[in-house]
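Enquirer: coordinates for the following, if possible.
(one chain, ligands or ions: 1)
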Amino acid sequence: MTAHPDVRSSAQPPAVGTTAAGATAGQPATAGPAADRPAVALRGAELSYGTRVLWSGLDLDIAPGEFLAVLGPNGSGKTSLLRVLLGQQELSAGSVTVAGGPPGRGSRRIGYIPQQKAMSRGLTLRGRDLVGLGLDGHRWGIGLRNRRDRARRVDQAVAAVGATGYADQPVGLLSGGEQQRLRVAQALVGDPEVLLCDEPLLSLDLAHQRAVSELIDARRRAANTAVLFVTHEINPVLPLVDRVLYLVDGRFRVGTPDEVMTSETLSELYRTHIDVVRVRGQIVVVGAQGAAGADQPHHPMAATGGTEQ
Ligand SMILES: Nc1ncnc2c1ncn2[C@@H]1O[C@H](COP(=O)(O)OP(=O)(O)OP(=O)(O)O)[C@@H](O)[C@H]1O
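Expert: Next up, the predicted model:
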């Protein structure tokens, strides 16, 4: 990694940096059980597959309520980072804590929104049952009272994403946007301290992109949930982003969008000349054919209008 005066390469939450929620990143708007420690802490973290190092020397604290966008070209290790935080992939070196403990879904109050994938038309599972899968079975046990409490939690989560009207229908018959709202509800029903999102806006139209982004933002405002948001396009969530983690070919930068999304920083990361311009509040990245990984989609190429990367 190359040092850069404006950009944190191993970063703690910024000392000053206003979140969309009006709080200072690192100083959450509301006190909560997680307010006294980072929601996610990586120390000297490295992930390698064989001799291929995806990233190394990653020191990163993500504060409660912080929104971190994870960007980078295909194969740079964005999803692998989420897999580490979900406890599905071990670090090659260093350490990680999520919600104050070792990574792993369920027990550590982690919500996960996977990539939008159409569900089979034949899937007869009802929407509210899909959402209920987000609750730890062992926490609710058996008995009428527990069943009622569980149903109430599911109802609340379904209502919060505006899905009450179709929650009793088979999910296979719902539209992609409706299915994705239910996935958001499933991720939130367990009251997560950390929300991991893997390109949750992919294949959604603009209206649904906005709706899903707003749901995620509302959650972090209301409950101080830290959000890691893997995306190929920063523009749809730019107003929400506190910091960016940008991964390229084993190198990375961490900082605010203004720090990382610059011609200088991206040119360093991609090791080729990249122009970053702002057009009507959107970030447009114009790169060169032949840049590291430029043959892959979602990589700096000729500007196509308003789309980052
Ligand atoms: N279990 C594994 N063993 C070996 N290589 C792996 C494994 N999992 C992922 N990889 C490789 O690691 C690289 C990073 O994968 P990852 O899915 O994290 O990338 P990504 O940044 O999320 O990419 P994309 O933008 O395409 O989703 C890829 O080249 C992938 O093939």
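Enquirer: who in the stretch 1-150 of the chain is up against the ligand?
Expert: With CB under 6 Å from any ligand atom as the criterion, the stretch 1-150 of the chain meets the ligand at residues 49, 54, 72, 74-80. Heads up, the C-betas are built off the backbone N, CA and C, glycines and all.
Enquirer: try 8 Å
Expert: Residues of the stretch 1-150 of the chain lying near the ligand by CB under 8 Å from any ligand atom: 49-50, 52, 54, 72-81, 83, 89.
Enquirer: buried ones among the residues you listed?
Expert: 54, 72-73, 76-81, 83, 89 (16 or more other CB atoms under 10 Å).
Enquirer: from those residues, which ones fall inside helices?
Expert: With helices taken from DSSP state H, the overlap with these comprises 78-81, 83.
Enquirer: and Q282, what's its pLDDT?
Expert: pLDDT for Q282: 92.
Enquirer: do I have it right that it meets L238?
Expert: Yes: contact criterion CB atoms under 8 Å: Q282 and L238 qualify, at 7.4 Å.
Enquirer: lowest-pLDDT helix or strand in this structure?
Expert: helix 137-140 (a mean of 54; mean pLDDT, DSSP states H and E).
Enquirer: spit out the contact partners of Q169.
Expert: Listed by CB atoms under 8 Å, 6 or more residues apart in numbering, the contact set of Q169 reads 126-127.
Enquirer: from here on, count from 44
Expert: Noted, 44 is the first residue going forward, which turns the last one into Q212.
Enquirer: model confidence score at it, please.
Expert: For Q212, the predicted pLDDT is 95.
Enquirer: please report how far it lies from G170.
Expert: 6 Å (CB to CB, to the nearest Å).
Enquirer: with R264 instead?
Expert: Distance from R264 to G170, by CB to CB: 25 Å.
Enquirer: looking at the two, which one has more neighbours?
Expert: A count of neighbours by other CB atoms under 10 Å puts G170 above the other of R264 and G170, at 27 against 18.
Enquirer: burial of the residue lying closest to that one once chain neighbours are set aside, as a residue count?
Expert: Spatial nearest neighbour of G170, chain neighbours left out: A210 (4.1 Å); criterion: CB to CB, 6 or more residues apart in numbering. Burial of A210 is recorded as 24 neighbouring residues (other CB under 10 Å).
Enquirer: hang on, A210 packs against G175?
Expert: No: A210 lies out of contact with G175 (CB under 8 Å); the separation is 10.3 Å.
Enquirer: what's the most distant pair in the buried ones among the residues of the stretch 44-193 of the chain next to the ligand?
Expert: Within these, two members stand farthest from each other by CB to CB: P116 and Q132, at 19.5 Å.
Enquirer: where in the stretch 194-343 of the chain is pLDDT low?
Expert: Confidence mapping of the stretch 194-343 of the chain against pLDDT under 70 gives the ranges 331-343.
Enquirer: hmm, try it at 50
Expert: Applying pLDDT under 50 to the stretch 194-343 of the chain flags the ranges 331-342.
Enquirer: can you map out the strands along it?
Expert: 237-241, 269-273, 286-291, 294-298, 318-322, 325-329 (DSSP state E, counting those that start in this stretch).
Enquirer: break the protein down into its domains, please.
Expert: 44-152+235-303, 162-228 (automatic domain parsing).
Enquirer: let's see the pLDDT reported for P107.
Expert: 96.
Enquirer: part of a helix, is it?
Expert: No: using DSSP: H, G, I helix; E, B strand; the rest coil, the assignment for P107 is coil, not a helix.
Enquirer: ok, the residue nearest in space to the middle of the chain to P213 distance?
Expert: By CA atoms, centre = their mean, the mean C-alpha position of the chain lies nearest to F272, the distance being 1.7 Å. In this view, F272 and P213 are 29 Å apart by CB to CB.
Enquirer: okay, now L129: neighbour count?
Expert: 19.
Enquirer: for this structure, what spans make up the helices?
Expert: 121-128, 170-175, 180-183, 187-203, 219-231, 249-266, 300-303, 306-313.
Enquirer: Throw those into TSV and include distance to V287, thanks.
Expert: Converted to TSV, the helices of the chain look like this (distance: least, CB to CB, whole Å):
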stretch	distance to V287
helix 121-128	12
helix 170-175	31
helix 180-183	35
helix 187-203	27
helix 219-231	22
helix 249-266	16
helix 300-303	4
helix 306-313	10
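Enquirer: run a quick neighbour tally on R263.
Expert: 24.
Enquirer: then the one 3 residues further on?
Expert: Using other CB under 10 Å, the number of residues around A266 comes to 17.
Enquirer: ok, V201 next?
Expert: V201, neighbours per other CB under 10 Å, totals 25.
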